[in-house]
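J.: Have a look at this fold, sequence not included:
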């Protein structure tokens, strides 16, 4: 982060400490910042650049400036209520918005704080950095659970660097969180290609699509994109607030980059006759899916395949259970290996996600047309987990940590690769497995490792106790979910 961006982040974020005395969380504070920042920047666009706006004068930034006390609070509430109605980018930001600042004097101080900065004068990258810095600070608040919506940016950059999106392509994230993958793809295209006017128009208004089921997260994502010039001219929002698994969107994409939510089953919420709210595990049944299951991660992999164009490419972050789970998991893996070109897998280390204890991987595959022979010929696996010890604070993931993987992937021509593992070099992290080897494994298990784990031989190398505890908890969750699925199937058979 640049010094200028860091200074503004610190100044804006420090005021959160005052508001926390009123019981506000980091997430609540970031929400209020988002509303006010959007109003201020929209007003600057109108006054300084003469741009049109969809926000009526009654509810613009100027309507807040000279108010205080109850008058300020009432006006702010009216703005949040009225701008959240209708459709388009603005209603996505203000959808179900509420004022969480209890003290009008503190709201006035926050308005003054934002009004004192000319945001439109900041470089677009600086504005993006500031907001990304705020999102990361929010993700670090582990109690709020916001970390589940924030994928480590160095990982996103490495994935985008090997996927190499190009001008004119359509890119989707069906579980977009705060928009990291979409922004990573946008920045890659913008920084690596000389774009003409039409290409810029496509990139900023047509190329990117995302789905996010949580209102609060969707508004942070839209704001993150808006700060980079994406969707700034009004119109439809690039982000849809909906459950992407509910149905096929009716359109297809050249590339899908996504990190779906971990550890949750697909479920439906309903109200009983007595008025009690319950959630019930639900198998997702779709004609375009290979197998019906309540496992959300398996469903997301199926969904990603279904929304890809023919020869479209995907990179999907998946937890370990997607690689080894039996039943629906085995059916999915065998179909995926047969009908898609599943060409690359990177095993990720623990300690890089804010949702700690998660063992995850990135699966790369291309959708292919019908064929009598399997499309997957070879699966290349990069083991970036064994003997890799990263943490969220003292030894954080950096983009250069993934340089070897990017080099091994060989994005210039992935069909020309060289393994680093051999019998002469058993410590090599990059190894290839043929299709026949993969399908011959029990349940077509893709959770493959070959490196000697030093932590098993030396107790000094064991992860911190809290990390071990979280890993055990995650594994128990997976086991319980599998048992629950078995019980549900047995109940259906009665």
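T.: It's in. Everything quoted here is computed from the prediction, not taken from an experiment.

J.: any chance you could map the strands in the stretch 351-494 of the chain?
T.: 360-367, 378-383, 430-434 (DSSP state E, counting those that start in this stretch).

J.: Need these in JSON lines (columns: mean pLDDT and distance to residue 30).
T.: C-beta here means a position set from N, CA and C on the backbone, and glycine is covered the same way. Below are the strands of the stretch 351-494 of the chain laid out as JSON lines (pLDDT from 0 to 100; distance: least, Cβ to Cβ, whole Å):
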{"stretch": "strand 360-367", "mean pLDDT": "97", "distance to residue 30": "25"}
{"stretch": "strand 378-383", "mean pLDDT": "98", "distance to residue 30": "35"}
{"stretch": "strand 430-434", "mean pLDDT": "98", "distance to residue 30": "39"}
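
J.: Nearest to residue 442 among those would be which one?
T.: For residue 442, the closest of these is strand 430-434, at 14.3 Å, according to Cβ to Cβ.

J.: got the angle between that closest one and strand 378-383?
T.: Between strand 430-434 and strand 378-383, the angle comes out at 150 degrees (axes from the mean of the first three to the mean of the last three Cα atoms, to 10 degrees).

J.: Mind giving me the packing neighbours of strand 430-434?
T.: Other helices and strands packing on strand 430-434, by 3 or more Cβ pairs under 8 Å, 6 or more residues apart in numbering; DSSP states H and E, are strand 378-383, helix 403-409.

J.: Recalculate using a threshold of 10 Å.
T.: strand 340-347, strand 378-383, helix 403-409 (3 or more Cβ pairs under 10 Å, 6 or more residues apart in numbering; DSSP states H and E).

J.: which helices and strands sit right next to the shortest one?
T.: Okay, so that is strand 378-383. Counting contacts by 3+ Cβ pairs under 10 Å, 6+ apart, strand 378-383 is packed against strand 340-347, strand 360-367, helix 403-409, strand 430-434, helix 435-440.

J.: For the closest residue to residue 239 other than its chain neighbours, give me its contacts.
T.: The shortest distance from residue 239 to any non-neighbouring residue, by Cβ to Cβ, 6 or more residues apart in numbering, is to residue 210 (4.7 Å). Residues near residue 210 by Cβ atoms under 10 Å, 6 or more residues apart in numbering: 171-177, 179, 181-182, 218, 221-222, 225, 237-241, 244, 258.

J.: Help me confirm that residue 210 is found in a strand?
T.: Yes. Applying DSSP: H, G, I helix; E, B strand; the rest coil, one finds residue 210 inside a strand.

J.: That one pairs with what?
T.: On the basis of DSSP bridges, residue 210 is bridged to residue 173, residue 239.

J.: so what's residue 205 closest to, chain neighbours aside?
T.: In space, and not counting its chain neighbours, residue 205 is closest to residue 231: 6.6 Å by Cβ to Cβ, 6+ apart.

J.: Assign the one you found to helix, strand or coil.
T.: Residue 231 is classified as coil under three-state DSSP.

J.: Same list (the strands of the stretch 351-494 of the chain) but as CSV, adding mean neighbour count.
T.: As requested, these are arranged in CSV below (neighbours: other Cβ atoms under 10 Å):
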stretch, mean neighbour count
strand 360-367, 22
strand 378-383, 21
strand 430-434, 17
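
J.: Is it possible to get a markdown table of the ones you listed that adds distance to residue 320?
T.: Shown next, in a markdown table, are the strands of the stretch 351-494 of the chain (distance: least, Cβ to Cβ, whole Å):
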| stretch | distance to residue 320 |
| --- | --- |
| strand 360-367 | 7 |
| strand 378-383 | 13 |
| strand 430-434 | 17 |
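
J.: correct me, but residue 361 touches residue 446?
T.: Yes. Between residue 361 and residue 446 there is a contact at 8.5 Å, judged by Cβ atoms under 10 Å.

J.: which residues do these two both contact?
T.: Common contacts of residue 361 and residue 446 (Cβ under 10 Å, 6+ apart): 318, 320, 322, 323, 345, 381.

J.: Please work out how many residues are found near residue 425.
T.: Per other Cβ atoms under 10 Å, the neighbour tally for residue 425 reads 9.

J.: Where do the strands of the stretch 201-350 of the chain begin and end?
T.: Using DSSP E, counting those that start in this stretch, the strands of the stretch 201-350 of the chain run over residues 208-212, 239-241, 253-258, 267-271, 277-281, 308-319, 340-347.

J.: which of the residues in the third one are buried?
T.: Applying a neighbour-count criterion of 16 or more other Cβ atoms under 10 Å, the buried positions in strand 253-258 are 253, 254, 255, 256, 257, 258.

J.: Who are the packing partners of it?
T.: With contacts taken as 3+ Cβ pairs under 10 Å, 6+ apart, strand 253-258 sits against helix 153-163, strand 171-173, helix 180-192, strand 208-212, helix 296-307, strand 308-319, strand 360-367.

J.: Which strands or helices does the longest one pack on?
T.: Going back to what we said before, that points to helix 180-192. helix 124-139, helix 153-163, strand 171-173, helix 197-205, strand 208-212, helix 215-227, strand 253-258.

J.: Domain map for this protein?
T.: Domain assignment for the chain by automatic domain parsing gives 3-133, 145-477.

J.: Same list (these) but as TSV, adding distance to residue 139.
T.: Below are the domains of the chain laid out as TSV (distance: least, Cβ to Cβ, whole Å):
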stretch	distance to residue 139
domain 3-133	9
domain 145-477	4
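
J.: Of these, which shows the lowest average pLDDT?
T.: Note on the domains of the chain: domain 3-133 shows the lowest mean pLDDT, a mean of 85.

J.: Quick one: end-to-end distance for that domain.
T.: Distance across domain 3-133, first residue to last, is 12 Å (Cα to Cα, to the nearest Å).

J.: and the closest residue in space to residue 188 that isn't next to it in sequence, how far is that from residue 74?
T.: Leaving aside its sequence neighbours, residue 188 sits nearest to residue 160 (Cβ to Cβ, 6+ apart; 4.9 Å). Using Cβ to Cβ, to the nearest Å, residue 160 is found at 45 Å from residue 74.

J.: The two: who's more crowded?
T.: Neighbours were counted for residue 160 and for residue 74 using other Cβ under 10 Å; residue 160 has more, 23 against 13.

J.: Go ahead and confirm that one touches residue 402.
T.: No. Using Cβ under 10 Å as the test, residue 160 is too far from residue 402 to be in contact (11.3 Å).

J.: Need the helices and strands packed on strand 253-258 in a markdown table (columns: distance to residue 286).
T.: Shown next, in a markdown table, are those (distance: least, Cβ to Cβ, whole Å):
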| stretch | distance to residue 286 |
| --- | --- |
| helix 153-163 | 26 |
| strand 171-173 | 17 |
| helix 180-192 | 23 |
| strand 208-212 | 15 |
| helix 296-307 | 8 |
| strand 308-319 | 15 |
| strand 360-367 | 16 |
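
J.: Of those, which stretch is the most buried?
T.: Mean neighbour counts were compared across those using mean count of other Cβ atoms under 10 Å; the top stretch is strand 171-173, at a mean of 28.

J.: what's that strand packed up against?
T.: helix 180-192, strand 208-212, strand 253-258, helix 296-307, strand 308-319.

J.: I'd like the ones you listed written out as TSV, with distance to residue 412 added.
T.: Shown next, in TSV, are those (distance: least, Cβ to Cβ, whole Å):
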stretch	distance to residue 412
helix 180-192	13
strand 208-212	25
strand 253-258	17
helix 296-307	25
strand 308-319	15
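
J.: quick one, which of these is nearest to residue 165?
T.: Nearest to residue 165 among the helices and strands packed on strand 171-173 is helix 180-192 (4.6 Å), distances taken as Cβ to Cβ.

J.: Next, the angle from that closest one to helix 197-205.
T.: Using the same axes, to 10 degrees: helix 180-192 against helix 197-205 is 160 degrees.

J.: In stretch 214-222, which residues are buried?
T.: Quick answer for stretch 214-222 (16+ other Cβ under 10 Å): 216, 217, 218, 219, 220, 221, 222.
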